[in-house]
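> one predicted model, sequence on top.
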Amino acid sequence: MMMAGLRERKKEQTRQRIAEVALRLFAERGYDAVTVAEVAEAAGVAKVTLFSYFPSKECLALDGVEQDMARVVTGRLPGQTPLAALREHYRSMAAQELGEPDVAALTARVGVVSASPALMSALHQSYARQRHELAAALSPRTRGTTGADCVTPGLVASLVAAQITASVTTLQEAFFQRLATGTPLAQASRRLAEDVEVAFDLLEHGATAHEPEDRA
């Protein structure tokens, strides 16, 4: 048991070292100018070892950016709705305490991704994949909710997944933008927590949840 725990910690340390080295090289020289072999050499591991942690160069750059919303939905508590589970998940994320090194790394990663058309394309593909996975996780929950026989099976789940994915992506982009433009971490996190509530209120109750009062 103890040896297994040590092995897992060592693997996590190796993974973290590879990720940190890759981000540093990408930030210094640009994503396209760095090869996987150079990352492996700088991290002190074999190329095959690197690929055992990160299946592709794109995965190195996008590490920590992708969201596993489908896992949150399938792993929710008994009786908890998918939206409630996702709201709680993103509430917790907004409340996480990040140190300055974490913020610096996050800002650097956003800069690397934003500067590379290849990575931006990969990121959009990742969003599409997450949307499809989330739709599959939602399918049992949303089946038959419209009561319309003409609705294509899975359409409701796909539409709901698209709304959730777009909302989460918008939250993520707004948070990254604040950090990139110098907003203090505490303030950016506070705004993110507020945005999470707004986003999930809209998802649960529709556009009327935050409509301004009619002053006429």
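Yes, it's here. Numbers count the residues shown, from 1 in each chain.
> now whichever strand or helix holds Leu86: buried residues?
Per DSSP states H and E: Leu86 is located in helix 82-95. Neighbour counts over helix 82-95 (16 or more other Cβ atoms under 10 Å) mark Pro82, Leu83, Ala85, Leu86, Arg87, Glu88, His89, Tyr90, Met93, Ala94 as buried. Where you see a C-beta, it was placed from the backbone N, CA and C, and this is true even at glycine.
> so which elements touch the longest helix anywhere in the chain?
Ordering each helix of the chain by length in residues (DSSP state H) puts helix 2-29 first. If you count contacts as 3 or more Cβ pairs under 8 Å, 6 or more residues apart in numbering; DSSP states H and E, helix 2-29 packs onto helix 36-43, helix 47-53, helix 57-62, helix 100-114.
> what is the second one packed up against?
Helices and strands touching helix 47-53, as assessed by 3+ Cβ pairs under 8 Å, 6+ apart, comprise helix 2-29, helix 36-43.
> what's the domain layout of this structure?
1-63, 65-140+149-208 (the TED database).
> distance from the longest one to the middle of the chain?
Domain 65-140+149-208 sits 6 Å away from the centroid of its parent chain (Cα atoms, centre = their mean, to the nearest Å).
> what comes up buried for the lowest-mean-pLDDT helix or strand in the chain?
Least confident helix or strand of the chain, by mean pLDDT, DSSP states H and E, is helix 100-114 with a mean of 82. By neighbour count on 16+ other Cβ under 10 Å, the buried set for helix 100-114 is Ala105, Leu106, Thr107, Arg109, Val110, Val112, Val113.
> returning to that earlier point: which of the buried residues of helix 82-95 sits closest to Gly206?
Closest approach to Gly206 among these (Cβ to Cβ): Leu83, at 12.4 Å.
> from Ala42, how far off is Leu119?
19 Å (Cβ to Cβ, to the nearest Å).
> would you mark the buried spots in the longest helix of the chain?
Neighbour-count burial for helix 2-29 [16+ other Cβ under 10 Å]: Thr14, Arg15, Ile18, Ala19, Val21, Ala22, Leu23, Arg24, Leu25, Phe26, Ala27.
> can I get those residues in a markdown table with pLDDT and distance to Gly5?
Converted to a markdown table, those look like this (pLDDT from 0 to 100; distance: Cβ to Cβ, whole Å):
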| residue | pLDDT | distance to Gly5 |
| --- | --- | --- |
| Thr14 | 96 | 15 |
| Arg15 | 95 | 16 |
| Ile18 | 97 | 21 |
| Ala19 | 94 | 21 |
| Val21 | 97 | 25 |
| Ala22 | 96 | 26 |
| Leu23 | 95 | 27 |
| Arg24 | 96 | 29 |
| Leu25 | 97 | 31 |
| Phe26 | 96 | 32 |
| Ala27 | 94 | 33 |
